[in-house]
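Asker: need a 3D model of the following:
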Amino acid sequence: MSDDTVNIGLIGFGTIGSGVVEIFNKNTPIIEGKVKKKVNLKKIVDLDIKTDRGVEVNPDVLSTDVTDILDDPEIDIVIELIGGYQPALSFIINAMNKGKHVITANKALLAKHWEEIIENSQKNRVRICFEASVGGGIPILKPLNESLAANNIQSIYGIINGTANYILTKMAEEGRDFDEVLREAQLKGYAEQDPTFDIEGHDTAQKLIILTILGFGIYVDQEKFHVEGINRLTLEDIEFAKRELNCCIKLLAISRISNGELEVRVHPTLVNEDHLLSSVNDVFNGIYIEGDVVGPVMMYGQGAGMMPTASAVVGDCIDLIEDMDKKVTYGPVKSNFTKIKDINEIKSKYYIRLTVIDKPGVLHEISGILSDWDISLESVNQKIQGENKVIPIFMVTHESLERNLREALAKINELDIVKDDETIFIRLL
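Answerer: Numbering: from 1, shown residues only. Take a look at the predicted model:
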């Protein structure tokens with residue numbers, strides 16, 4: 001970097017990359033006014049440089065050869081926006097080895113290769129910035145790592161997947177079933193044609209890994225914690241939650257301290273309508289943090305999309321340029337937590353839906369098994385349709401140990417009167 005110019009290389013000219021270019025085209029005078037330097041987007045690399053992205057670009061800036069960025073000693077900052085694991089990881093490590101700072105929105109890569117990336121950042125005395133990897137345009141990672149650093153974080157609850165949140169919102173507001181709303185989300189571009197990654201909770205889990213690192217100082221591989229999606233939820237579950245429990249159902253990312261242990265989990269959760277998170281709807285994200293000093297803090301906004309995510313990427317650029325010599329922010333992971341609490345050891349109140357044959361003694365038999373496993377019921381609701389009809393039963397338990405609930409439901413599902421493939425339970429926040 002010269003005294004008055006910072007050169008930037010962008011790897012990936014897709015949706016987010018196009019947004020980054022648009023921001024530089026539109027707001028470079030503002031950016032340069034903040035950093036007191038000339039900012040030059042020197043090179044953009046992508047396999048496809050022919051397609052019109054709808055943004056103005058000097059053709060001389062475009063290239064299909066990534067070495068035009070990685071081997072250019074004048075480029076100070078590399079922005080990686082190609083996604084995936086490889087070649088993104090190789091590009092990032094290569095850039096670091098050549099003394100270049102790195103910005104990425106690649107939550108999957110960070111979640112899987114965090115330790116390797118941070119070790120290389122430390123070794124090469126360069127910074128890695130990744131605000132856009134969680135929550136899109138919501139400023140959450142830097143506040144969590146810096147502004148809230150005086151706090152002993154107690155809990156983090158996040159609605160951090162817009163696809164899942166859109167589906168659950170529309171089901172609740174419009175009374176439509178899961179498959180219908182999913183198809184609509186795909187048509188609107190809110191869901192991929194293969195939505196598995198979003199609706200089964202994997203995207204949320206990757207973002208939770210990053211939040212847990214910054215909030216609690218521990219890296220937890222996704223295989224080490226419970227991840228559950230929304231694909232088994234029905235309109236009946238959502239309507240019962242709203243009508244009988246004054247709750248909505250949200251796909252929550254949860255990291256929290258419980259009796260000195262750390263819980264890390266992703267699953268649908270019943271959230272009371274009085275809680276701030278209940279108002280996070282459609283494709284929006286919300287992250288609710290509790291610190292021992294600051295108390296509850298919530299950040300809300302657009303968690304994905306071209307311009308919100310690009311905004312976070314360029315924000316990282318400004319942060320880097322303002323203090324290129326700043327000590328590397330993220331050191332080796334250190335934590336007081338040596339293990340993560342198993343999902344079977346958590347305690348919660350639970351909503352249970354069972355589908356059974358409506359005949360005398362059914363409820364007595366089910367409640368008896370629950371009692372054998374020290375699970376008491378707060379409420380029971382069932383539809384009356386006449387003997388030998390298949391009906392749903394809705395139950396809410398008092399606080400129980402999850403291990404006991406799973407064991408009890410396994411016994412209940414062995415009963416001839418129960419359709420075990422339709423049994424579901426949801427934890428209450």
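Asker: all helices of the stretch 1-150 of the chain, in order?
Answerer: Here the stretch 1-150 of the chain has its helices, by DSSP state H, counting those that start in this stretch, at 15-35, 67-70, 88-97, 107-124, 141-142.
Asker: nearest to residue 415 among the ones you listed would be which one?
Answerer: helix 107-124 (40.4 Å; CB to CB). C-beta here means a position set from N, CA and C on the backbone, and glycine is covered the same way.
Asker: kindly export that closest one (C-alpha atoms) in CSV.
Answerer: Taking Å, rounded to 0.1, in the frame of the first residue of the first chain, the C-alpha atoms of helix 107-124 are listed here in CSV:
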residue,chain,number,x,y,z
LYS,A,107,-19.8,-18.5,6.3
ALA,A,108,-19.5,-22.1,5.2
LEU,A,109,-15.7,-21.8,4.8
LEU,A,110,-15.2,-20.0,8.1
ALA,A,111,-17.4,-22.6,9.9
LYS,A,112,-15.4,-25.5,8.5
HIS,A,113,-11.9,-24.1,8.4
TRP,A,114,-11.8,-21.4,11.1
GLU,A,115,-8.7,-22.6,12.9
GLU,A,116,-6.6,-22.9,9.7
ILE,A,117,-7.7,-19.5,8.5
ILE,A,118,-7.0,-17.8,11.8
GLU,A,119,-3.6,-19.5,12.2
ASN,A,120,-2.6,-18.2,8.8
SER,A,121,-3.9,-14.8,9.6
GLN,A,122,-1.7,-14.7,12.8
LYS,A,123,1.3,-16.2,11.1
ASN,A,124,1.3,-13.6,8.3
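Asker: identify each buried residue in that helix, please.
Answerer: 107-114, 117-118, 120-121, 124 (16 or more other CB atoms under 10 Å).
Asker: other SSEs contacting it?
Answerer: helix 88-97, strand 128-129, helix 202-216 (3 or more CB pairs under 8 Å, 6 or more residues apart in numbering; DSSP states H and E).
Asker: got CSV for these, with mean pLDDT, mean neighbour count and distance to residue 45 too?
Answerer: Output for the helices and strands packed on helix 107-124, formatted as CSV (pLDDT from 0 to 100; neighbours: other CB atoms under 10 Å; distance: least, CB to CB, whole Å):
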stretch, mean pLDDT, mean neighbour count, distance to residue 45
helix 88-97, 98, 20, 9
strand 128-129, 94, 24, 19
helix 202-216, 96, 24, 25
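Asker: between those, which gets nearest to residue 5?
Answerer: Residue 5 lies closest to helix 88-97 among those, at 18.6 Å (CB to CB).
Asker: hmm, who's touching the closest one?
Answerer: 11, 66, 69-70, 78, 80, 82, 102, 104, 106, 109, 113, 116-117, 120-121, 123-124, 126, 128 (CB atoms under 8 Å, 6 or more residues apart in numbering).
Asker: run the chain-centre distance for that helix.
Answerer: 24 Å (CA atoms, centre = their mean, to the nearest Å).
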